[in-house]
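> The sequence isn't on hand, but the structure is:
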């Protein structure tokens, strides 16, 4: 891509081992603003280790992570989140019984004073933020007070993404975001990813579905047994080539 | 507010009205299910009223003495149940509340007797009450540690504390009841203002505070989130261990207050004060609309649940039915209530808790 632009995220020579098991070795990648980078690879190739290291769950054994050129080191996922790295988990970290707004603000709920003295949850602010955030993602929900269990899988995925967007995540790591969804819902999630891209955010997109990867990504990095098996621009590669990289042909 | 909704892209338009329709049907069913405790309550009141008029030409619910008796009757189970509501919504259960109540009743009696010797009666009551509630918080704190730090399942941890609190309470009471000699305490337990007993006023105040805590604060919001999806709560940065610790202390404090009011009402502390009330407290919460899987329930629902139980128990006595029918009545209401909950879950779908 454009090398003159400061990358959002730079991973340099990252290694991670668990005892004698080398889960990831000497891995490097960059994500630029407005870029979707796909991570592909068979089970056990090191994708999960990589994203957990970037998002602060694991500490790297060696190597460096830089955000906008500045070296960072996370000891908890919260620290990564504070630096703008948000992970959207496959199993959707939502509280089903709460509204969209309550989910967006979970753990950092806004308060107001009722009758001038009594601190109470500011539900109106939460609902308002929910409506605006979902509108940014081009999702229009009619019932903002309904628990998210009332919504479809794609809408719930949008809520999880919306939460990240509201808290101004610059880099979104999405682990199999389309895996549990029907085809129309998958399309909706892919269009969400395009929106994030248009807003200048960086997306790391993990999927087993090559069709989805080719539909939204700018680049693809294939991992095999903890090392980079290849990195290609989507416009310059084919399904066959990617599959060969994955299985080691 | 509504302008953006009308600006929704045309491509989605065909799907939305249908979804809205389903939403509305769902929310109607949900609303009925949410209100079931109040519907039970209305049905019971009407039923007993008709029964009373038909069998001896008197009124049941319009009789102020009956209302007062039912309210007094409901105080202790209600106080246990409001604490229990928080615990059950978080996905736990507190089996120790009955004997924590007994422990607090005994401690209150001893403490007030000891304090009355050296100070004014109201001050002695205040200090004795504080002492009893604080002592009640100790088993609650241990419950919290067991569940949050040592990952003991709440059912087992609080069952253990059920036994410990029971034993300690009987030991402190010397195996008997502990009479209190403090007329101020007796007034609180049996006095009334404008025909409303003081202990009922105290219970209403506690209910209001707990309702506020559950529905309007972060603590309450996090309680719902933890009950629905602990992992999501943890990822959102909520300190689940700290939350659980406070939760079981809160439940124990409610039970402690119930114990103090018991001693005030009967002028004596007894270790077995709350023995029959544990199951009533759980039943009130469940009839009130909470799910034992966690994640749902309200304080106002629990109030209705506690009143349902109190009215069944008192009403059956009033219409001269053998008291054993109470157990059957409460049991049947619990089962119907859970059946409604299951039906609503199936109808509204969405949730994946098997």
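Here it is on my side, so go on. Not measured: the values here are computed from a predicted model.
> what's the burial count for residue 209?
By default, I'm working from chain A. Look at residue A:209: counted by other C-beta atoms under 10 Å in any protein chain shown, it has 13 neighbours. Using the backbone N, CA and C atoms, a C-beta is placed for each residue, glycine as well.
> that's the wrong chain, I wanted chain B
12.
> go on, residue B:289?
Neighbours of residue B:289 (other C-beta under 10 Å): 25.
> And the helix or strand hosting residue A:163, what does it pack against?
For residue A:163, the host element (DSSP states H and E) is helix A:153-166. Under the contact definition 3 or more C-beta pairs under 8 Å, 6 or more residues apart in numbering or on different chains; DSSP states H and E, helix A:153-166 sits against strand A:85-88, helix A:100-104, helix A:123-136, strand A:171-175, helix A:183-198.
> contacts for the first one?
The reference is to strand A:85-88. When contacts are defined by C-beta atoms under 8 Å, 6 or more residues apart in numbering or on different chains, strand A:85-88 is touched by residues A:9, A:51, A:54-56, A:67, A:77, A:157, A:160-161, A:163-164, A:167, A:169-175, A:177.
> partners of it, with directions?
strand A:171-175 (parallel) (DSSP bridges).
> Compute the inter-axis angle for the partner strand and helix A:183-198.
160 degrees (axes from the mean of the first three to the mean of the last three C-alpha atoms, to 10 degrees).
> Next, report how far strand A:171-175 is displaced from the centre of its chain.
Using C-alpha atoms, centre = their mean, to the nearest Å, the mean C-alpha position of strand A:171-175 is found 1 Å from that of the whole chain.
> Any chance you could list what contacts it?
A:8-9, A:31, A:48, A:51, A:54-55, A:67, A:84-90, A:161, A:164, A:193, A:196, A:201-206.
> Now do that strand against helix A:153-166, angle only.
Using the same axes, to 10 degrees: strand A:171-175 against helix A:153-166 is 160 degrees.
> can you give me the mean pLDDT across strand A:171-175?
Strand A:171-175 shows a mean pLDDT of 91.
> How about stretch A:64-79?
89.
> Now do the strands in the stretch 101-250 of chain B.
B:178-179, B:192-193, B:196-197 (DSSP state E, counting those that start in this stretch).
> Format these as a markdown table; extra columns: mean neighbour count.
Compiled in a markdown table, the strands of the stretch 101-250 of chain B are given as follows (neighbours: other C-beta atoms under 10 Å in any protein chain shown):
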| stretch | mean neighbour count |
| --- | --- |
| strand B:178-179 | 16 |
| strand B:192-193 | 11 |
| strand B:196-197 | 16 |
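> In JSON lines, list those strands along with mean pLDDT and distance to residue B:246.
Formatted as JSON lines, those follow (pLDDT from 0 to 100; distance: least, C-beta to C-beta, whole Å):
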{"stretch": "strand B:178-179", "mean pLDDT": "94", "distance to residue B:246": "30"}
{"stretch": "strand B:192-193", "mean pLDDT": "92", "distance to residue B:246": "33"}
{"stretch": "strand B:196-197", "mean pLDDT": "93", "distance to residue B:246": "30"}
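> what ranges do the helices span in the stretch 1-150 of chain B?
In the stretch 1-150 of chain B, the helices defined using DSSP state H, counting those that start in this stretch lie at B:3-6, B:10-13, B:16-34, B:36-56, B:64-89, B:97-116, B:121-148.
> repeat for chain A
A:47-54, A:77-82, A:100-104, A:123-136, A:153-166, A:183-198, A:210-216, A:239-247 (DSSP state H).
> most tightly surrounded among those?
Highest mean neighbour count among the helices of chain A (mean count of other C-beta atoms under 10 Å in any protein chain shown): helix A:100-104, with a mean of 27.
> quick one: that helix to chain centroid distance?
The chain centre lies 18 Å from the centre of helix A:100-104; the measure is C-alpha atoms, centre = their mean.
> One more: stretch B:218-231?
On C-alpha atoms, centre = their mean, the centre of stretch B:218-231 falls 18 Å from the chain's centre.
> since we're on residue B:310, how many residues are nearby?
Using other C-beta under 10 Å: residue B:310 sits among 23 other residues.
> got it, and residue B:338?
14.
> Pop out the phi and psi values for it.
Main-chain torsions, residue B:338, degrees, to the nearest 10: phi -70, psi -40.
> isn't it right next to residue B:285, touching?
No. Judged on C-beta atoms under 8 Å, residue B:338 makes no contact with residue B:285 at a distance of 11.6 Å.
> what residue is smack in the middle of the chain?
Since you didn't name a chain, this refers to chain A. residue A:173 (2.2 Å; C-alpha atoms, centre = their mean).
> let's do chain B instead
Central residue of chain B (C-alpha atoms, centre = their mean): residue B:81, at 1.3 Å.
> residues contacting residue 107?
Since no chain was named, I'll use chain A. So residue A:107 contacts B:222, B:233, B:236, B:237, B:238 (C-beta under 8 Å, 6+ apart).
> oops, I was thinking of chain B
Contacts of residue B:107 (C-beta under 8 Å, 6+ apart): B:131, B:132, B:135, B:136, B:172, B:259, B:269.
> Now for the fifth one, how many residues are close by?
Applying the criterion other C-beta under 10 Å, we find 18 residues in the vicinity of residue B:172.
> Next: the third one.
When counting by other C-beta under 10 Å, one arrives at 23 neighbours for residue B:135.
> before we move on, back to that, which of the helices of the stretch 1-150 of chain B sits most buried?
The stretch of those with the highest mean neighbour count (mean count of other C-beta under 10 Å) is helix B:97-116, at a mean of 28.
> Kindly calculate the angle that that helix makes with helix B:64-89.
110 degrees.
> Give me the mean pLDDT for helix B:97-116.
94.
> How far off centre is that helix?
20 Å.
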